[in-house]
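1. Here is my input; please provide its structure:
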Amino acid sequence: MTTRRGAPQRALRRCFVLAVALCALYATLGGPVSAAAQHMTAQATPSTDLGDQVVSVTWQGFAPTQPDGTDGVVIMQCRADPRSVLNDCNTADTFPYSLTGNQQAGTTNADGTGSVFIDIMTTARLPSLACSQSTPCSLLVYETTANGFNANGLPPAKTRVIVPLSFARNSADCPPVQQYAFSVESEASASYALYQWAAALCTGPHAFAMDVTNTSSNQARADFLSHLVDIGVTSLPPQPSELTPTSPKFSVVPLDLTGIVVAYNITDPVTHKQITNLTLTPRLVARLLSDSDIESFFSDPELQKLNPGVHWPIEAADPGLRGEENADTWLVTNWVNSNPEARAFLDGKDPYHIAVNPSWLDVPYPTDVFAARNSNGVYFPRIGEEGVADRLFSDTKPADSVPTATLDAGEIGILDYPTALRFKLPMANLTNGVGQPIVPANPFSIAAGYNAMQTTAADFHVEPPVQTGANVYPLAKVDQAMVPQKLTDSPKDLRIRAFLDYAAGPGQSNLPAGYVPLPNALALQTLRYTGDLPAPTSPTTTTTAGDTFAGSLDNNVAPLLADGEDGATGTATSTGTAAGTATGPTTTSRAKTTTTTVHTTNVRANARFVALRLSDSGDHLVLPIVLGLGLLAMLAAGADGVRRHGRRLWRRARRHKPPPELGGQAAR
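-> Numbers count the residues shown, from 1 in each chain. Next up is the predicted model:
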């Protein structure tokens, strides 16, 4: 006897097919991507919207690695659908043996699982694969076998997994540049945001190309003041000696809020796991910076008190430091210099009786350059953030060309917050001393650090060297653009205006990891400059080469944080008096007591003004944004309609009388 399938069964089948399709869509567009080769699976986290960053690769169902190394695991970055390891994958030796190598090796546990980090590279760092939003790539994860395989092809299917990777927009997604609209030189910490903004603005009916150079605050200021670039992005104001009669008149506009961190890569020799809870003081950082008996650093009495129960490697490596003049070095040494215990150590009067390296005795801080004051050959500052981060990530001492065994030496260095997150490096908690509040680096403490900042007469924002608030991160900073004093209606200035509108508005809603979206007061400062807000009632809002303007921003600021970064929910409260002043231009102190409420949405009050300016400037970015929001709303409404329709079909199906073959049970 045949059973006639009625409308409810057909409807349920359609709903089931729809549910399967939606699940497949989610697996394609969101969450960790998993690919399977027979019994084996592997995942990359994250696997979508990627830039130049480290990702975690995990696998299951692999053969356990043998003592002789057989059945180890190799991970390579490849084109989206590789056919040949030699032709479609990055086979260069990994750093430090090659600057473009990023393959990783791992071992599989007895239960068939394993994990490893790999440094994913976009077109800028790995042109041979040209991974971008328009050119997806993949990871080849395979077992090594005694027989090997022909590299003109791929490892046998039963020993490999291919994991898809998709990328955020980058420079490779832009059309070939005919002419740059304007040039930007930037402190390294702002460069990742600038690259992302440049990629967003390079296409469309009124697109333009930005020439962005990753350099340092010092170089950016020097080249801007020498009329060599149109915008110079710096974390500190220029010193009086940098200003000359020929220096251009300029204004100051904030672009991002971030921080400086003490990053590290240290393995516990007992558990063989990475240490992630290191706490340091300015005195301990001073010991690292001064190369003072580094071999015994992990035995320091203060370090032991701050980090009880931690097992340390045999020694600490010499610190990873940037070698060029830059603002981060000045800010760190200003913080160190303002701590009594750190200053006593550098003056040879350490309370724990640790001798300072004679080459650093009575060293004058702050300074904007880490100089190798002795010739031991191992204190070796490197040029650029990545020069430091690559070595920390790969367990390579600053002066070495080969990695060091992780159980033998721990690596510690100074980086900006975005770079540390890109390389998945742990960051030290900071405290002024044993028994003092311990503050981690995260969006909440950096937002509280902003509230403790002082404002110079030129409207630069700098954090005082001494912080007493329990939740105030002492190394927060604002990257600020030195721009023409006033914008005209010239084609160049219209595009500078459109860029700044985007940076202070839509660009803040999807920042790379490591940035705290601009507090409203900073965003409004930028929009007042572009003309999207009326001028404040305070004194004039421009500067000359030698005459900066007065004024300060609102005392009580509620920074708007994006969801998903370091658990960005909750409230950070700081109470205390900001002590000390920054060396340099005159500063105006903020409120003595501040409360910062961190929101988990990024609805910007100035969106209307951004839209007006983008339209007026001829760079019509608003229409795509509005259309995109409308499409999202339509999809949400459609999904809700499908859900309601499915419930109605389900109720009808439950009321339908089942055929005799089901034994009278309710239809399911």
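
2. pLDDT weak spots in this structure?
-> Along the chain, segments meeting pLDDT under 70 span 1-38, 534-668.

3. Kindly state the domain boundaries assigned to it.
-> Using automatic domain parsing, the domain parsing of the chain gives 1-30+621-657, 31-171.

4. Give me the longest strand you can find in this protein.
-> Counting by DSSP state E, the longest strand found in the chain is strand 250-265.

5. Only the C-alpha atoms, please, for it, written as PDB.
-> Only the C-alpha atoms of strand 250-265 are listed here, as PDB (Å, rounded to 0.1, in the frame of the first residue of the first chain):
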ATOM      1  CA  PHE A 250      49.100  72.500  10.500                       C
ATOM      2  CA  SER A 251      46.100  71.200  12.500                       C
ATOM      3  CA  VAL A 252      45.900  68.000  14.500                       C
ATOM      4  CA  VAL A 253      43.200  65.300  14.100                       C
ATOM      5  CA  PRO A 254      43.000  61.900  16.000                       C
ATOM      6  CA  LEU A 255      42.800  58.700  13.900                       C
ATOM      7  CA  ASP A 256      43.000  55.800  16.400                       C
ATOM      8  CA  LEU A 257      43.300  54.900  20.100                       C
ATOM      9  CA  THR A 258      45.600  52.000  21.000                       C
ATOM     10  CA  GLY A 259      48.500  51.100  23.300                       C
ATOM     11  CA  ILE A 260      52.100  49.900  23.700                       C
ATOM     12  CA  VAL A 261      52.600  46.500  25.300                       C
ATOM     13  CA  VAL A 262      55.400  44.300  26.600                       C
ATOM     14  CA  ALA A 263      54.900  41.100  24.500                       C
ATOM     15  CA  TYR A 264      56.600  37.800  25.200                       C
ATOM     16  CA  ASN A 265      56.900  34.200  24.100                       C
END
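
6. Nearest residue to the middle of this structure?
-> residue 418 (2.9 Å; C-alpha atoms, centre = their mean).

7. Quick one: residues contacting that one.
-> 189, 192-193, 258, 512-515 (C-beta atoms under 8 Å, 6 or more residues apart in numbering). To be clear about C-beta, it is placed using only N, CA and C from the backbone, and glycine gets the same treatment.

8. about what we covered before: and the longest strand of the chain, how far out from the chain middle?
-> 11 Å (C-alpha atoms, centre = their mean, to the nearest Å).

9. Run through the strands of the stretch 101-250 of the chain in chain order.
-> 104-106, 114-120, 137-143, 160-165, 182-187, 210-215, 231-234, 250-265 (DSSP state E, counting those that start in this stretch).

10. Tell me where the stretch 251-400 of the chain has helices.
-> Counting by DSSP state H, counting those that start in this stretch, the stretch 251-400 of the chain has helices at residues 282-289, 301-306, 327-337, 340-346, 385-393.

11. Reformat those helices as a markdown table; add mean neighbour count.
-> Shown next, in a markdown table, are the helices of the stretch 251-400 of the chain (neighbours: other C-beta atoms under 10 Å):
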| stretch | mean neighbour count |
| --- | --- |
| helix 282-289 | 26 |
| helix 301-306 | 17 |
| helix 327-337 | 24 |
| helix 340-346 | 20 |
| helix 385-393 | 22 |
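
12. picking that back up, how much space between the residue nearest to the centre of the chain and residue 444?
-> For residue 418, the distance to residue 444 equals 17 Å [C-beta to C-beta, to the nearest Å].

13. And for residue 432?
-> Residue 432 is 19 Å from residue 444, where distance means C-beta to C-beta.

14. And these two? Which one has more around it.
-> residue 444 (26 against 22; other C-beta atoms under 10 Å).

15. Can you classify that one as helix, strand or coil?
-> Here residue 444 is recorded as helix under DSSP: H, G, I helix; E, B strand; the rest coil.

16. ok, and for stretch 50-68, which residues are buried?
-> Residues of stretch 50-68 classed as buried by neighbour count (16 or more other C-beta atoms under 10 Å): 50-55, 57-63, 65.

17. Now, these that are in strands?
-> Per DSSP E, the buried residues of stretch 50-68 map to strands at 53-55, 57-60.

18. about what we covered before: starting at the chain centroid, how far to the helix or strand hosting the residue nearest to the centre of the chain?
-> Using DSSP states H and E, residue 418 sits in helix 417-422. On the basis of C-alpha atoms, centre = their mean, helix 417-422 sits 4 Å off its chain's mean C-alpha point.

19. hang on, isn't residue 348 packed against residue 356?
-> Yes: counting by C-beta atoms under 8 Å, residue 348 does reach residue 356; the two are 5.5 Å apart.

20. which one of the two has more residues nearby?
-> Higher neighbour count among residue 348 and residue 356: residue 356, with 22 against 12, using other C-beta under 10 Å.

21. Which residue, other than its chain neighbours, is closest to the more buried one?
-> Distance criterion C-beta to C-beta, 6 or more residues apart in numbering; nearest residue to residue 356, sequence neighbours excluded, is residue 292 at 5.1 Å.

22. roughly how far apart are the closest residue to residue 485 other than its chain neighbours and residue 427?
-> Nearest residue to residue 485, sequence neighbours excluded (C-beta to C-beta, 6+ apart): residue 249, at 3.9 Å. Residue 249 sits 39 Å away from residue 427, going by C-beta to C-beta.

23. The two: who's more crowded?
-> Applying other C-beta under 10 Å to residue 249 and residue 427 shows that residue 427 carries more neighbours, namely 20 against 13.

24. So what does that one have for phi and psi?
-> phi -130, psi 140 (degrees, to the nearest 10).

25. same thing with residue 454?
-> phi -110, psi 160.

26. what does residue 89 give?
-> phi -130, psi 160.

27. Let me see the contact set for it.
-> Per C-beta under 8 Å, 6+ apart, neighbours of residue 89: 76-79, 82, 140.

28. Help me confirm that residue 110 comes into contact with residue 64.
-> Yes: counting by C-beta under 8 Å, residue 64 is a contact partner of residue 110 at 5.0 Å.

29. Would you map the helices across the stretch 1-150 of the chain?
-> Assigned helices in the stretch 1-150 of the chain, in chain order: 7-29, 85-88 (criterion: DSSP H, counting those that start in this stretch).

30. Could I get the contacting residues of residue 328?
-> Per C-beta under 8 Å, 6+ apart, neighbours of residue 328: 187-189, 235, 260, 322, 414, 416, 477.

31. Sorry, wrong one. I was asking about residue 202.
-> Counted by C-beta under 8 Å, 6+ apart, residue 202 has contacts 171, 173-175, 208-210.

32. hang on, the earlier thing: is it possible to get JSON lines of the helices of the stretch 251-400 of the chain that adds distance to residue 405?
-> JSON lines is the format used below for the helices of the stretch 251-400 of the chain (distance: least, C-beta to C-beta, whole Å):
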{"stretch": "helix 282-289", "distance to residue 405": "20"}
{"stretch": "helix 301-306", "distance to residue 405": "21"}
{"stretch": "helix 327-337", "distance to residue 405": "29"}
{"stretch": "helix 340-346", "distance to residue 405": "30"}
{"stretch": "helix 385-393", "distance to residue 405": "15"}
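
33. And the ones you listed: which comes nearest residue 456?
-> Smallest distance to residue 456 across the helices of the stretch 251-400 of the chain (C-beta to C-beta): 13.8 Å, for helix 327-337.

34. distance of the nearest residue to residue 329 once chain neighbours are set aside from residue 328?
-> Leaving aside its sequence neighbours, residue 329 sits nearest to residue 368 (C-beta to C-beta, 6+ apart; 5.2 Å). Per C-beta to C-beta, residue 368 is found 9 Å from residue 328.
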